[in-house]
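Q: Structure of the sequence below:
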Amino acid sequence: HTHSGARIRIIVPDTSTIAEIRLMISDLMKLDEMQASKIRLGRRSNNFDRFEELEPSELLNGREQLLVQGLELKTRLSLQEATELQQELIEAYSTEWCQRKI
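A: You can find the predicted model right below:
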């Protein structure tokens with residue numbers, strides 16, 4: 001996501017259009033038509049918004065990441081996933097290297 005940094009991962013053919021990817025995201029997120037119409041896919045740019053929207057007919061054509069605007073992504077973790085993430089963070093921040101940097 002452009003602002004939050006949240007990510008979703010989908011696997012699509014290299015020949016997919018931006019419109020097809022938007023539809024896949026909409027289906028994955030179970031969005032209604034109004035919500036789906038707000039999804040914008042693009043890339044970083046040097047303009048004021050730092051976002052350049054890609055045309056719906058444009059092919060993915062080797063891109064591995066796209067920025068998304070107009071979509072609210074919420075991270076939902078199970079208790080087990082949250083506990084595992086907590087343990088990983090404790091281990092990462094406990095390393096000698098990390099402690100020296102803090």
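Q: what about this protein, any weak spots by pLDDT?
A: 1-5, 73-74 (pLDDT under 70).
Q: Break down it into its helices, ranges please.
A: Ranges of helices within the chain are 18-28, 33-37, 79-94, 96-101, based on DSSP state H.
Q: Of all the residues in the first one, which ones are buried?
A: Residues of helix 18-28 classed as buried: Ile18, Ile21, Arg22, Ile25, Ser26 (neighbour count, 16 or more other Cβ atoms under 10 Å). In this view, the C-beta of every residue, glycine as well, is placed from N, C-alpha and C.
Q: Which residues are in contact with the first one?
A: Read it as Ile18. Leu41, Leu54, Glu55, Pro56, Ser57, Glu58, Leu59, Leu60, Leu66 (Cβ atoms under 8 Å, 6 or more residues apart in numbering).
Q: try it again with 7 Å
A: Applying Cβ atoms under 7 Å, 6 or more residues apart in numbering, one finds that Ile18 lies in contact with Leu41, Leu54, Glu55, Pro56, Glu58.
Q: Just the buried residues of those.
A: Leu41, Leu54.
Q: Which of the contacts of Ile18 sits closest to Ala92?
A: Leu41 (31.8 Å; Cβ to Cβ).
Q: Report the separation between the closest one and Gln99.
A: For Leu41, the distance to Gln99 under the criterion Cβ to Cβ, to the nearest Å works out to 40 Å.
Q: swap in Ser78?
A: Ser78 is 30 Å from Gln99, by Cβ to Cβ.
Q: ok, back up a step: could you export the buried residues of helix 18-28 as CSV, including distance to Ser37?
A: Below are these laid out as CSV (distance: Cβ to Cβ, whole Å):
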residue, distance to Ser37
Ile18, 14
Ile21, 15
Arg22, 9
Ile25, 12
Ser26, 9
